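Chemist: Test case, fold it:
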Amino acid sequence: MTHESTIAGPSLADVERARVTVSAVADVTPMESSHYLSRVLGQPVFMKCENLQRTGSYKIRGAYNRISSLSDEEKARGVVAASAGNHAQGVAFAARELGIPATIFMPIGVALPKLAATRDYGADVVLRGHTVAEPLRAAAEHAERTGAVYIPPFDHPDVIAGQGTLGLEVLEQVPDLATVVVPIGGGGLISGMATVLKQRAAQLGREIRVIGVQAMNAAAYPVSLAAGAVTEITISPTIADGIAVSKPGKLNFEIIKDTVDEVVTVDDDDIARAMLMLLERAKLVVEPAGAVGVAAILTGKIRASGPTVVMLSGGNIDPLIMERVISHGLAASERYLKLRIPLPDRPGQLARTSEIVAAQNANVVEVLHTRHGTGLAISQVELELHIETRGPEHAEQVLGALRAEGYEPRVDF
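Modeler: Below you'll find the model as predicted:
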C-alpha cells in the first residue's frame, strides 16, 4: 500500500515533474507553527498556509498542471470548468497565464467576490442554475458543443499530481513530519498529498499518517470507505461549501482507500470556532472548508504523535459570510449570549437586568423589548439581550446572577 508501484495515483516522478510545471505560477506558501494548537494536541503543530496562495487556494496547482499538459490543438479549443469558487479561480488564472480562452459555469447565487475574481482573471463566466450540479451539466454540454476541454476539479491524474506538489513542500518544510491533516471534498488534495507522503515514507523507512476531515453534512468518504465503493450521498447545508461534494472522485477514492489512515468529520459549530481561533490567534483569514482540519484538532478528533501539519487549504470567503461566521463562532464558543427573559410589565425592569449583567463585567450589545413574545402572560413583556462574555464560565456566571435575582433567562441559539 505504501510502495510506489502499488498506489493507484501518480508516481513520485509524476509529481516531481508537476512541481517544475506548477512552480511557474504557484508560490511556496508559509509553514507557520501554532503554539495554541500544539497545546491542544499535545504535539508540535504547523499550519500550511495555502490560504495565502495566489488565487487564494491550492486549486491553482492542479488546474495549471492539467492545462499545461494539453496539446497545442487542445489549447486552441479552449477550456471549460464548473465551480462555485476556488476551482473556477484556479482554472481562470491558469488559462490566462497560458494564453488559453476559458469559460467557467458558476451557479447564480455564487458569492460576488468569487465571481468578480474569476472574471478578473479573464474567464468568460456564465451563471447557470442554483446548485453546482447545474453548472456541471452546462459545462459538459459546452465541451460537447464547442470542443473545449473540460477541466475537472479533482478526478484526473494531472490534477492530482498538481495537488501532490504540496506533499513535497510539506516534507521539505517539516522533514520529521509524522501526521498531516487534510480537508476532503472530492478528494483531489488529499489523494495527491497522500500518494506522495506514503511513497516518500516508504523510501525513508518510517510512517507518516494521513488524516482526512470532512464537513459532517457533506461526508461522502466515510460512507464510501465503509461500503468499499464510491457512494453518493445527499448533502445537507453546510458553511463549508468548498468541500460540499456529494460523491468521491473515482480515481481519488482508489488512492484514498489505500493511503489515507482515517477520515473524521466536524460540524458547522466546530468549523466556526476554528475560523475564529485562526483569526484571533494566528491572524489568518481561512474559509470554512479550509479550517476543517483545525476544527478536528480543537474538538479532539485527531490523535497524533510527533510533528503534525494541518492544511489551511483556502482563504476565499465573502466578507458578509465571514461576519455571520464570526458571530456564529462567538455564540458556539459561548462568548456571545442571546437571552430571552420574561419580565413583569412595570417600570425599572430593563434597568435592573442591565445592572445585573454589568455587575458581572459583561457587555450588553443589543436590546429588544417586546410585549408580543409567544408564551407571555398579558402582564408580561419579553426582554431580548445580546451579551458579550469571556467564555463558558463567564456566561454561566451571568446566567447565575440573573437567576439569583429571580429572573428566568432562556438562552436562544
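Chemist: and the gap between I326 and G300?
Modeler: Going from I326 to G300 by Cβ to Cβ, to the nearest Å gives 23 Å. Where you see a C-beta, it was placed from the backbone N, CA and C, and this is true even at glycine.
Chemist: ok, these two, which is more surrounded?
Modeler: Shown here are I326 and G300; by other Cβ atoms under 10 Å, I326 has more neighbours (16 against 9).
Chemist: For my notes, confirm that one occurs in a strand.
Modeler: No - counting by DSSP: H, G, I helix; E, B strand; the rest coil, I326 is not part of a strand but helix.
Chemist: for it, what are its contacts?
Modeler: By Cβ atoms under 8 Å, 6 or more residues apart in numbering, the residues touching I326 are A272, M275, L276, L279.
Chemist: for the host helix or strand of Q199, packing partners?
Modeler: In the assignment (DSSP states H and E), Q199 maps to helix 188-204. In terms of contacts (3 or more Cβ pairs under 8 Å, 6 or more residues apart in numbering; DSSP states H and E), helix 188-204 is packed against helix 12-22, helix 157-173, strand 179-183, strand 209-215, helix 250-259.
Chemist: and if we set it to 10 Å?
Modeler: If you count contacts as 3 or more Cβ pairs under 10 Å, 6 or more residues apart in numbering; DSSP states H and E, helix 188-204 packs onto helix 12-22, helix 59-68, helix 157-173, strand 179-183, strand 209-215, helix 250-259, strand 308-312.
Chemist: residue nearest the centroid of the protein?
Modeler: Note on the chain: the residue nearest the mean C-alpha position is A289, at 0.9 Å, using Cα atoms, centre = their mean.
Chemist: got any ranges where this protein has weak pLDDT?
Modeler: 1-7, 371-379, 413 (pLDDT under 70).
Chemist: Where do the strands of this protein begin and end?
Modeler: Taking DSSP state E, the strands of the chain run over residues 31-33, 45-49, 79-82, 102-106, 124-127, 149-150, 179-183, 209-215, 262-266, 308-312, 336-344, 363-370, 380-388, 410-411.
Chemist: In a markdown table, list the ones you listed along with distance to V223 and mean neighbour count.
Modeler: Formatted as a markdown table, the strands of the chain follow (distance: least, Cβ to Cβ, whole Å; neighbours: other Cβ atoms under 10 Å):
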| stretch | distance to V223 | mean neighbour count |
| --- | --- | --- |
| strand 31-33 | 33 | 14 |
| strand 45-49 | 28 | 24 |
| strand 79-82 | 24 | 29 |
| strand 102-106 | 28 | 26 |
| strand 124-127 | 31 | 16 |
| strand 149-150 | 27 | 16 |
| strand 179-183 | 17 | 28 |
| strand 209-215 | 10 | 27 |
| strand 262-266 | 10 | 21 |
| strand 308-312 | 22 | 28 |
| strand 336-344 | 34 | 18 |
| strand 363-370 | 41 | 12 |
| strand 380-388 | 39 | 18 |
| strand 410-411 | 34 | 12 |
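Chemist: tell me the domain ranges of this structure?
Modeler: Segmentation of the chain into domains, based on automatic domain parsing, reads 4-58+156-329, 59-150, 334-411.
Chemist: For the longest one, what is the distance to the chain centroid?
Modeler: Domain 4-58+156-329 has its C-alpha centroid displaced from the chain centroid by 9 Å (Cα atoms, centre = their mean, to the nearest Å).
Chemist: Number the residues from 63 up from this point.
Modeler: With the count now opening at 63, the last piece we talked about shows up as domain 66-120+218-391.
Chemist: sorry, back to before: closest to S375 among the contacts of I388?
Modeler: Proximity of the contacts of I388 to S375, judged by Cβ to Cβ, is greatest for M337, which lies at 13.0 Å.
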